[in-house]
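**Q** A predicted structure for the sequence below; I have some questions about it.
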Amino acid sequence: MASIRGSRFDGQALVTGAAAGIGRATAERFAADGAHVIVTDINREGGEETVTRITETGNSAEFRELDVTDAEAFEAVVDAIDETELEAVVNNAGIGHPAASVEETDPEVFDRVIDVNCRGVWNGCRAALPVMKARGSGAIVNVASLGGMIGLPKQAVYTLTKGAVLNFTRTVAAEAGPYGVRANAVCPGFIETALGEGFFEQHEDPEKARERMEAQYPLKRLGRPAEVADAIAYLASDEASYVTGHGLVLDGGYSIS
Ligand code: NAI
């Protein structure tokens, strides 16, 4: 098949949690826009499938197994990339947890969600920033959530981590800006992925729960991974050259209604 490679990016982009959902859609978007994508995930099979989907369209990607909670492993993946090439890092990997109030939350669940959602983003920024700052360019996009901006009953740890990711992104932007490096976040509302489905499955009638959720959105539907991917690619691209420290909300109008 003829390549449909675009010219928005001409270097390499690393995406975490790219074996599924928003991460996979983001990897596909970046590849279609011209980047060579380093697809990373703990799920090798899914990650390799993402690479196959990309290369089948004539675009460019490779898989690296990476648990974002492992700082050394993250550094090793970044070190393996030619430092003149690393254009963007998307810290997307994240997990949810069973519905539980603050006092019901299992401390082990707390530790695990903090580790993946916060330490993972921290590790990604720590690995990428020295390379990007030394070169004087680069963009980081962290995947936060609408849940980092509003309170969500029984999502205590998840909202704690996503609020942290959003504000941490502002600090990264403030520190890295003088070096020509930008950092932004996206704050998606409910997006149709395995993580999203897991939320409905916790309800007695998942279909009813979904309908109730859709009704709360002015656009009357949930979001799609590709819609988040488009926003991430914009924030990482030169089209957003004066945008930094921003949290771009993609929530079908939920938070304004
Ligand atoms: P998903 O569950 O479909 O995909 C997440 C991917 O991250 C999976 O491939 C999984 O293997 C990977 N992953 C999990 N732990 C990892 C680790 N320790 N290291 C590396 N990879 C790991 O989830 P989805 O929905 O695509 O979520 C992606 C991001 O978007 C997450 O940060 C999530 O919190 C965020 N988000 C999702 C929303 C939704 O409604 N789906 C809404 C707002 C934010």
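**A** Looks like it arrived, so ask away.
**Q** now do the SS call for the nearest residue to Gly247 once chain neighbours are set aside.
**A** When the adjacent residues along the chain are set aside, Gly247 lies closest to Ala185, with 4.5 Å between them (Cβ to Cβ, 6 or more residues apart in numbering). Backbone N, C-alpha and C define where each C-beta goes, glycine included. In terms of secondary structure, Ala185 is strand; the call rests on DSSP: H, G, I helix; E, B strand; the rest coil.
**Q** Ala185 and Val143: what is the separation?
**A** Taking Cβ to Cβ, to the nearest Å as the measure, Ala185 and Val143 are separated by 7 Å.
**Q** what residues does the stretch 151-257 of the chain have near the ligand?
**A** Residues of the stretch 151-257 of the chain that fall close to the ligand, judged by Cβ under 6 Å from any ligand atom: 188, 190-191, 193-196.
**Q** what mean pLDDT does the longest helix along the chain get?
**A** As far as residue count goes, and with DSSP state H defining each element, the longest helix of the chain is helix 156-176. What helix 156-176 shows for mean pLDDT is 98.
**Q** before we move on, what about stretch 73-90?
**A** Within the predicted structure, the mean pLDDT of stretch 73-90 is 97.
**Q** can you give the contact residues for it?
**A** Residues outside stretch 73-90 that contact it (Cβ atoms under 8 Å, 6 or more residues apart in numbering): 9-16, 23, 26, 30, 35-36, 38, 40, 64, 66-68, 123-128, 131-132, 134-135, 137-143, 232, 236.
**Q** stretch 146-153: how far from the chain's middle?
**A** The chain centroid and the centroid of stretch 146-153 are separated by 17 Å under Cα atoms, centre = their mean, to the nearest Å.
**Q** let me see the ranges of the helices in this structure.
**A** Chain-ordered helices for the chain, with DSSP H as the definition, fall at 21-32, 44-56, 71-79, 107-114, 120-135, 156-176, 194-201, 206-215, 225-236.
**Q** for those helices, which one ends up most surrounded?
**A** Mean neighbour counts were compared across these using mean count of other Cβ atoms under 10 Å; the top stretch is helix 21-32, at a mean of 28.
**Q** and the angle from that helix to helix 225-236?
**A** Here the directions of helix 21-32 and helix 225-236 differ by 60 degrees (axes from the mean of the first three to the mean of the last three Cα atoms, to 10 degrees).
**Q** and helix 21-32, what's its mean pLDDT?
**A** In this model, helix 21-32 has a mean pLDDT of 98.
**Q** summarise which helices and strands it is packed against.
**A** Of the remaining helices and strands, those touching helix 21-32 by 3 or more Cβ pairs under 8 Å, 6 or more residues apart in numbering; DSSP states H and E are strand 12-15, strand 36-41, helix 44-56, strand 60-65, strand 86-91, helix 225-236.
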